[in-house]
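**Q** pasting a predicted model and its sequence here:
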Amino acid sequence: MKGKVSLAVILILILGCGGPEKIWIKVNTPSKIDISRYHSIAVLPLLPLKRDDRNGDQGESISYFIRREIAKVKGINLIDAQTTRRILEGEKISIQTLESPEQMVDICGELGVDAVIAGTYKLYHVSEPRRYYVERYSPQLRQYVTQAVTYYEKTYYLKLHLMLIDSKTGKPILDEEYEPSYSEAHNIGSLIVSEVAQDNPALERLTLDAISQFLKKIAPHYEREERYLLR
């Protein structure tokens, strides 16, 4: 008898309510690495996979964006860029240096930090013609005609290799690779201008895309999860 009553109550509740409503909530998500173990961290200038003197400042720019986002994580004493540059002045840091635990222990010791963030990058782009069709009215023909319009799609790619390296072992605690992309449309004139422009608007966008994923691995964060609400 009790079972029948309970079933009746459930049916009444279900029928009396509207359909479920989908909502999004923020959930505190733990990180893969406990970054609180490392009280002081330095960010080294990122090294290009392919040497390009014209783009020699890009490694510094990427490091700046990384440093800016890392600084938002609570409990981290982040060594500023000027101090890092002054201490490491005269040091020839190469990809081989990053792969040498002994050398990385020495660098961490010079900086007096518990860990460093270092890595490599490759920024490149591909431009390809694209075509779309529009309907335009022709006064001569007195009717709408289909016309092809050509534009250029320029896609930027950033291949970013980031490592969080422990000062005691000189080895990566976290070793991640990212390759975000970003596309923009150009006509022939704006395409030529973008090729010779000194500033690269895509660099910050691509770096922030990658570093947001990296930060989720080293610091607790909030993620959106789907829930259903019965009214």
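**A** Everything's here; your move.
**Q** return the set of buried residues in the helix or strand harbouring residue 105.
**A** Residue 105 belongs to helix 101-111 when assigned by DSSP states H and E. Counting neighbours by 16 or more other CB atoms under 10 Å, one finds that the buried residues in helix 101-111 are 103, 104, 105, 107, 108, 111. For the C-beta atoms, the positions are set from N, CA and C on the backbone; glycine is no exception.
**Q** surely the fifth one meets residue 115?
**A** It stands for residue 108. Yes - assessed by CB atoms under 8 Å, residue 108 is found in contact with residue 115 at 7.2 Å.
**Q** for the chain, what helix or strand is lowest in average pLDDT?
**A** helix 2-16 (a mean of 53; mean pLDDT, DSSP states H and E).
**Q** hmm, back to that, overlap in contacts of residue 108 and residue 115?
**A** Common neighbours of residue 108 and residue 115, using CB atoms under 8 Å, 6 or more residues apart in numbering, are 165, 166, 167.
**Q** mind listing what residue 118 touches?
**A** If a contact means CB under 8 Å, 6+ apart, then residue 118 has 43, 44, 46, 47, 98, 104, 162, 163, 165 as its contacts.
**Q** for this structure, which segments count as helices?
**A** Remark: helices assigned in the chain by DSSP state H are 2-16, 58-70, 81-87, 95-98, 101-111, 188-196, 201-218.
**Q** what about the chain, any weak spots by pLDDT?
**A** 1-20, 22-32, 51-56, 132, 188-200, 220-231 (pLDDT under 70).
**Q** before we move on, the earlier item: the helix holding residue 105 packs against which elements?
**A** Helices and strands touching helix 101-111, by 3 or more CB pairs under 8 Å, 6 or more residues apart in numbering; DSSP states H and E, are helix 81-87, helix 95-98, strand 115-138, strand 143-166.
**Q** change it to 6 Å
**A** Applying 3 or more CB pairs under 6 Å, 6 or more residues apart in numbering; DSSP states H and E, we find helix 101-111 packed against no helix or strand.
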